[in-house]
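Enquirer: Structure for this input, please:
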Amino acid sequence: MELMITTVIVGIVAAMAVPRFQIAFERLEFRSETQEMHSLLQLGRSKAISEKRQYGVHFDDTRRIITLFRDDANPGGFDFVNGDSVIKADTLSPVFTYLMTDFTNNILVFQPNGSCRFQGGGAITTMAQTQDLIGIHQSTILASTGRVSTEAHYY
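Expert: Numbering: from 1, shown residues only. Next comes the predicted model:
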């Protein structure tokens, strides 16, 4: 009888913990995806410095694709055109419900000295919304150094 009561109590406690695991998993997935985007930005800056060439990052907010490219065709033109070499293209996970940049043409370009050029502000905002989680992540790029800082909030 004691063994059955113990089993029932363990089952009740486990059933209460399952929703918390779901929330933790969703938060972890969102954090992982934002870290991947942050890594892509850092890769672009690192390649620009090490290879002494311009590298850009294009954000396609309608198709939710982030593309790292070498700016070969029109350096300094703030565009991603045929002739630019695609280094890496990532499709955002379905966990993201929103992607917005405040760059003109959704493009930023890392210079060989590490600085970053873009037209407009220097922020990228992503959001994830599920039944159990609202996550907002913002990356800010400092133009003079190309450094990327991130901030995330979960509700």
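Enquirer: Q42 against V148, yeah?
Expert: Yes: using C-beta atoms under 8 Å, Q42 is in contact with V148, at 6.3 Å. Placement of C-beta: from N, CA and C, glycine included.
Enquirer: So those two - more neighbours on which side?
Expert: Between Q42 and V148, counted using other C-beta atoms under 10 Å, V148 has the larger neighbour count: 21 against 14.
Enquirer: Bridged to that one, which residues?
Expert: Beta-bridge partners recorded for V148 (DSSP bridges): I141.
Enquirer: so how many other residues sit close to N105?
Expert: Using other C-beta under 10 Å, N105 has 15 other residues around it.
Enquirer: can I assume it is in contact with G77?
Expert: No: in this structure N105 lies outside contact range of G77 using C-beta under 8 Å: 9.7 Å.
Enquirer: All the strands of this protein, residue numbers only.
Expert: For the chain, the strands defined by DSSP state E occupy 55-60, 65-70, 85-91, 96-103, 107-110, 116-117, 120-129, 134-141, 148-154.
Enquirer: Show residues contacting the third one.
Expert: Put plainly, it is strand 85-91. Contact with strand 85-91 is made by 36-37, 40, 43-44, 47, 55, 63-70, 72, as judged by C-beta atoms under 8 Å, 6 or more residues apart in numbering.
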